[in-house]
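show me the folded form of this:
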Amino acid sequence: MHWLLIATLILIGLLFLVLEILVIPGAGFAGIVGFILITIGVWQSYAVYGAMTGHLVLGGTFLLTIVTLALSLRGGTWRKLMLSTEIDSKVNLVDSEKIKVGDTGKTISRLAPMGKALINGEFYEVRTDGEFIDQHTDIVVEKIEVNKINVKRKD
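Numbering: from 1, shown residues only. Next up, the predicted model:
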């Protein structure tokens, strides 16, 4: 077996181990495949090139595994891969001056049982008590709880 094939087996095995630890949750298949590939690579180095080369390959593989895992687990490595967007949305802020029980409006989306509605010129996320209300239907505010607006179909 050529030394390039041995090195390839070890590197692919190491890649599978890193994938098992960092990316693929739980199953263990990638880790087992990685361990088997590394073991075959080291075993072939002993079989083809002798004990001295086999020991060197085994030690080098061990050090390479430790260094690769250390670099992979560092925070800086993950910052490059992380999603860095921020959530700038806000909770449905209900201003008691702008909306009151009994106000009327129109649904913008289908309420199933939650959706968007236009009440007094403002857009709000509203909900019903389980009733489905189609888009562009007239509604009336039934009750307001903290940040939740309950509506019903206007009779």
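
which one's the longest helix in this protein?
Ranked by number of residues, the top helix in the chain under DSSP state H is helix 51-73.

who does it touch, helix- and strand-wise?
Contacts defined by 3 or more C-beta pairs under 8 Å, 6 or more residues apart in numbering; DSSP states H and E place helix 51-73 against helix 3-22, helix 29-49. Where you see a C-beta, it was placed from the backbone N, CA and C, and this is true even at glycine.

neighbours around Gly60, how many?
A count of nearby residues for Gly60, using other C-beta atoms under 10 Å, gives 14.

and the pLDDT at it?
Among the per-residue scores, Gly60 holds a pLDDT of 93.

now swap in Gly34 and tell me
Gly34 is given a pLDDT of 89.

Glu125 falls within a strand, correct?
Yes. With DSSP: H, G, I helix; E, B strand; the rest coil as the criterion, Glu125 is part of a strand.

so what's it up against?
By C-beta atoms under 8 Å, 6 or more residues apart in numbering, Glu125 lies in contact with 92, 114-117, 149.

quick check: bridge partners of Ile119?
Per DSSP bridges, the residues bridged to Ile119 are Gly105, Glu122.

from memory it sits against Val141, does it?
Yes. If you go by C-beta atoms under 8 Å, Ile119 and Val141 touch, sitting 6.6 Å apart.

find residues that contact each of these two.
Contact with both Ile119 and Val141 is made by residues 99, 103-105, 149, according to C-beta under 8 Å, 6+ apart.

just the buried residues from these, in PyMOL please.
Only the buried entries of those go into this PyMOL selection, using 16 or more other C-beta atoms under 10 Å:
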select buried, resi 99+105+149
